[in-house]
Every structure is written in structure tokens, then in C-alpha cells.
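Peer 1: this one's structure only:
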């Protein structure tokens, strides 16, 4: 028996990922303190601004300061509220830069033939941020460190979103590997940024056991912030297209299961995307219910698992467990259950604990 869409929505909400308490996500919340060279560079820039130097002079100062270590430009960009991409896209759109080569990485700007544009662009923003501090007599290491911490969440936001999605693939790959379940691409368990598996022109984060004999096709999508209408529609469209491809290319008897790992508070902002994913996928799981992915994959590869779950969760997932009762034994997750598992055989999988039978 399959859950209704309303039941799937309720399950999604009940197991919504608390990313604020996730150790991986916390790595993005706080920036390392500025080191001595970074503080010294910002102090020299502040001094130049205080002395009334123009933008061209400040630009040349910045170029000299970052010459020994090009990555030094990144912290200067960060503290004025820029991102890695904004300065590059603004330069590429600039009429003045046409006919010139704009590098793809901001670290390369000081040695490029568009520094005469990029330097003053950066200097203007440095002036807007640091000049008020100079006027208030607040130019010191504490002020620079405050800027460092305050601007870091915006600086890291795009990378955070990208890595959050890949973290989902990584955790799933590690779980399958621990359970002895084969999958492609195998290197996902070590490098989640590696290329996805492709099946009939459709990309999947993981395929169990491989693309030659696909039994489970996995797509992962995680959003920890409001992603807007386009993002929601894109998620639903990708799952719908994957389901259509599977339906068109596989007979009912050999049709692989379409599994999605979907999570994050961002899906609360537009339920159309959430409904599209939950309605099109054969099965879904979340970080807290990652054990479900192991059960689905094990059922298709002849591996028998024992899963320990909290008593109330066994009832909550009764329909799912009924569908896979031939591939999984379910026990109440108690201290006695944990005691029966050796350290080697215990596999944590969200709310559940897996024992390989």
C-alpha cells in the first residue's frame, strides 16, 4: 500500500532536517579569525582611506598587498559584502571591459588586463565600508574581525547551498557502502563532487547497483533557505522527467525504483515543488529517515537488513515497512537491541540503526 500525498507531506514535515544543529552545516556559520597579515592589509587600506587617497591609489595599494598571496583578495572582497561571482559578472557586463579578457576567478584579477576597472570597483566599496569606521574612530582589529564574521554567511552562501546538496549524496553513498550495497558512481563515497551517473540521458546522483542493470535510481535535493519559484519548479521537473524516462524505457517487471532524498526547510516556501517531488517519486527519504534508502536498495539487491526504530516510528512508517517486509526485519530500537550489535555491525542511519543479517 502506498502513502497518499497528504501522508507523504505529513511525513516530510515530521522529519524535517534541523540544519542549524547539523555538524556539517555549522562549519559554515562561523569564519576563522583574520590572521595577522589580513589584519595588517586592512589596516593599511583604512589608513589610505583616512588620508584621502583616491580610488586609483587604493586599487594600486590593494594590488600590492595581495601580490604575495592572491587569496588575500578574497578576504578584502568578503568584508565589503561581495561574493566570488558578483565582481566577475559585473565586469563581464561592463561596456568598458568589452574586448578584454575577464578571468573566471577573482584571485586572478590583479594580474589581468581589467584591473584598471576591477581595482577602482573594489576601492569604491572599500571606501563605503571603512570610511564610516574611520569617521567614528573605530578602525581597529576588533572592527575588522566584526566585519569578517558579519559578512561571512553571505560570502559562503552559494558554496554552502552547493555543498549541502552534495552532502546528501555523500551520506547516502557512505550508508550504502557500509551496508555492502553496490552503487554507481562508487567514488561518491569519497568525492561527492564527482560526476553523476547517467541513464538514457538523465542524470542521477546514484544508481544501484550500476547503470548497466539499474534497480534503484536516486536523486537528492536539499534546500535550507527559500529558493523561490524557479528552484521549486526545477526540482519537481527533474523528478517528473526521471519518472517519465523510466516509464518509457523499462518494462514493468524490470522497472527501477525512483528514490529521492528530499529535505530542508526551503521546501516550505513553495509546496508545488515539494508535491511534485513527493508525487512523482516511487519512494522518498530524508536525513532522519536515511534508513529507508538502505531498505529500498537492499530489497532490490538481495541483501537482508534488520532495522531498529523507535516504537512510535515503526507505526508511523507501517505502510512503507509492509511494502518491504520480505527484505527487512524491524525491531524496536532499545538498549537491548543495540547490545546485540557489535560495533562493527552497527550502522547509524538517521532515526534508525541497521544491523546486517
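Peer 2: Yes, it's here. Keep in mind that what you see is a predicted model, and the values were worked out from it rather than measured. Numbering: from 1, shown residues only.
Peer 1: can you tell me the closest non-neighbouring residue to residue 71?
Peer 2: Excluding the flanking residues, the one nearest residue 71 by Cβ to Cβ, 6 or more residues apart in numbering is residue 107, at 6.0 Å. All C-beta atoms are positioned from the backbone trio N, CA, C, and that covers glycine.
Peer 1: wasn't that neighbour part of a helix?
Peer 2: Yes: the assignment for residue 107 by DSSP: H, G, I helix; E, B strand; the rest coil puts it in a helix.
Peer 1: can you give me the neighbour number for it?
Peer 2: 16 (other Cβ atoms under 10 Å).
Peer 1: swap in residue 190?
Peer 2: When neighbours are counted by other Cβ under 10 Å, residue 190 registers 11.
Peer 1: on that earlier part again, pretty sure the residue nearest to residue 71 contacts residue 75?
Peer 2: No: counting by Cβ atoms under 8 Å, residue 107 does not reach residue 75; the two are 11.2 Å apart.
Peer 1: pull the distance from stretch 193-205 to the chain's centre.
Peer 2: 17 Å (Cα atoms, centre = their mean, to the nearest Å).
Peer 1: do the same with stretch 27-42
Peer 2: 24 Å.
Peer 1: check which residues of it are buried.
Peer 2: Under the neighbour-count criterion of 16 or more other Cβ atoms under 10 Å, stretch 27-42 has 28, 31, 34, 38, 39, 41, 42 buried.
Peer 1: check stretch 79-90 too.
Peer 2: For stretch 79-90, by 16+ other Cβ under 10 Å, it's 79, 80, 82, 83, 84, 87, 88.
Peer 1: part of a strand, is residue 258?
Peer 2: Yes: applying three-state DSSP, one finds residue 258 inside a strand.
Peer 1: who touches the spatially closest residue to it that is not a sequence neighbour in this structure?
Peer 2: Leaving aside its sequence neighbours, residue 258 sits nearest to residue 282 (Cβ to Cβ, 6+ apart; 4.7 Å). Contact partners of residue 282, counting by Cβ atoms under 8 Å, 6 or more residues apart in numbering, are 257, 258, 259.
Peer 1: quick check: phi and psi at residue 46.
Peer 2: Dihedral pair for residue 46: phi -60, psi -40, per degrees, to the nearest 10.
Peer 1: so where's the stretch 51-200 of the chain uncertain?
Peer 2: Low-confidence segments of the stretch 51-200 of the chain (pLDDT under 70): 163-165.
Peer 1: swap in 80 and give it another go.
Peer 2: Scanning the stretch 51-200 of the chain for pLDDT under 80 picks out the ranges 95, 138, 157-165.
Peer 1: now do the strands in it.
Peer 2: Taking DSSP state E, counting those that start in this stretch to define them, one finds strands in the stretch 51-200 of the chain at 197-199.
Peer 1: rewinding a little: show me which of the buried residues of stretch 27-42 is closest to residue 270.
Peer 2: residue 28 (23.5 Å; Cβ to Cβ).
Peer 1: if I look at that closest one, how far off is residue 157?
Peer 2: According to Cβ to Cβ, to the nearest Å, residue 28 and residue 157 sit 8 Å apart.
Peer 1: same deal with residue 308?
Peer 2: Residue 308 is 37 Å from residue 157, where distance means Cβ to Cβ.
Peer 1: mind checking which of those two has more residues around it?
Peer 2: Between residue 308 and residue 157, counted using other Cβ under 10 Å, residue 308 has the larger neighbour count: 24 against 13.
Peer 1: for the one helix or strand that one maps to, packing partners?
Peer 2: Secondary structure assigned from DSSP states H and E places residue 308 in strand 305-309. Packed against strand 305-309 by the contact rule (3 or more Cβ pairs under 8 Å, 6 or more residues apart in numbering; DSSP states H and E) you find helix 291-301, strand 328-332, strand 352-356.
Peer 1: save those as a markdown table, and put in distance to residue 9 and mean neighbour count too.
Peer 2: Listed next are the helices and strands packed on strand 305-309 as a markdown table, based on distance: least, Cβ to Cβ, whole Å; neighbours: other Cβ atoms under 10 Å:
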| stretch | distance to residue 9 | mean neighbour count |
| --- | --- | --- |
| helix 291-301 | 16 | 24 |
| strand 328-332 | 24 | 17 |
| strand 352-356 | 21 | 21 |
